[in-house]
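Participant: How does the following fold in three dimensions:
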Amino acid sequence: MKTSFLTIAALTSFCAVAAHAQSADMSSFAEDTVFGSAGYTSTDGEVLYQTLCAGCHMPGGEGAVGAGHYPALSGNPNLEYSAYPITLIVNGQAGMPAFGTFLNDEQIVALTTYLQTGLGNSFEPDATLETVANSRPVEPEDTNKAEHE
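Facilitator: You can find the predicted model right below:
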């Protein structure tokens, strides 16, 4: 009987929370998150790494294997030239999400520079705003617009 009471109490609490969340105004929520409309404002490469990358690639860049394979970034020869990490950061690949939709070009340069010079790496930083801009997908031309005006 005690177990039944606890189960009913838990279900009632859960339903009340779910109903409140469904009716709550969520417009301010997006502004307070990394992926929200306000965007992510840090321009410090290390801060960006620790906030966005370390969860998978680990704080020291050592990588991980578990639910997926997260390559080590410390001592990774693929980081010698910036075009490779910039392309992955902007567009994503396989299990890595694309961050180009909410990081601006300056932030991606800062993050790439940190990947090349931090985490025990000593590559010559060569990331530029032009490289980032060239890695972004080109907006397709809307060929239907003129037809429907």
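
Participant: Give me the neighbour count for Gly92.
Facilitator: With neighbours defined by other C-beta atoms under 10 Å, the count for Gly92 comes to 14. All C-beta atoms are positioned from the backbone trio N, CA, C, and that covers glycine.

Participant: Test my guess that it contacts Leu103.
Facilitator: No. Taking contacts as C-beta atoms under 8 Å, Gly92 lies outside contact range of Leu103: 11.9 Å.

Participant: so what's in contact with those two at the same time?
Facilitator: Listed contacts common to Gly92 and Leu103 are nil; contacts here mean C-beta atoms under 8 Å, 6 or more residues apart in numbering.

Participant: Apart from its chain neighbours, what residue comes closest to Leu129?
Facilitator: Counting by C-beta to C-beta, 6 or more residues apart in numbering, Leu129 lies nearest to Asp105, which is 4.8 Å off, once chain neighbours are set aside.

Participant: Likewise for Leu48?
Facilitator: On the basis of C-beta to C-beta, 6+ apart, the spatially nearest residue to Leu48 that is not a chain neighbour turns out to be Leu111, at 4.5 Å.

Participant: what's near enough to touch the residue nearest to Leu129?
Facilitator: Taking C-beta under 8 Å, 6+ apart, we find Asp105 in contact with Leu129, Val132, Ala133.

Participant: swap in Asp126?
Facilitator: The contact partners of Asp126, by C-beta under 8 Å, 6+ apart, come to Tyr81, Ser82, Gln116.

Participant: Determine the number of other residues adjacent to Asn134.
Facilitator: One way to gauge burial is a neighbour count; for Asn134, by other C-beta under 10 Å, it gives 13.

Participant: any idea how far it lies from Asn91?
Facilitator: Between Asn134 and Asn91 the distance, using C-beta to C-beta, to the nearest Å, works out to 12 Å.

Participant: what does Val138 give?
Facilitator: 12 Å.

Participant: out of the two, which sits in the busier spot?
Facilitator: Remark: of Val138 and Asn91, Asn91 carries more neighbours, 16 against 6, as counted by other C-beta under 10 Å.

Participant: Show me the helices in this protein, by range?
Facilitator: Taking DSSP state H as the criterion, the chain contains helices spanning 2-23, 27-31, 45-48, 54-57, 83-91, 105-117, 129-135.

Participant: rank the ones you listed by pLDDT, which is bottom?
Facilitator: Sorting these by mean pLDDT places helix 27-31 lowest, at a mean of 38.
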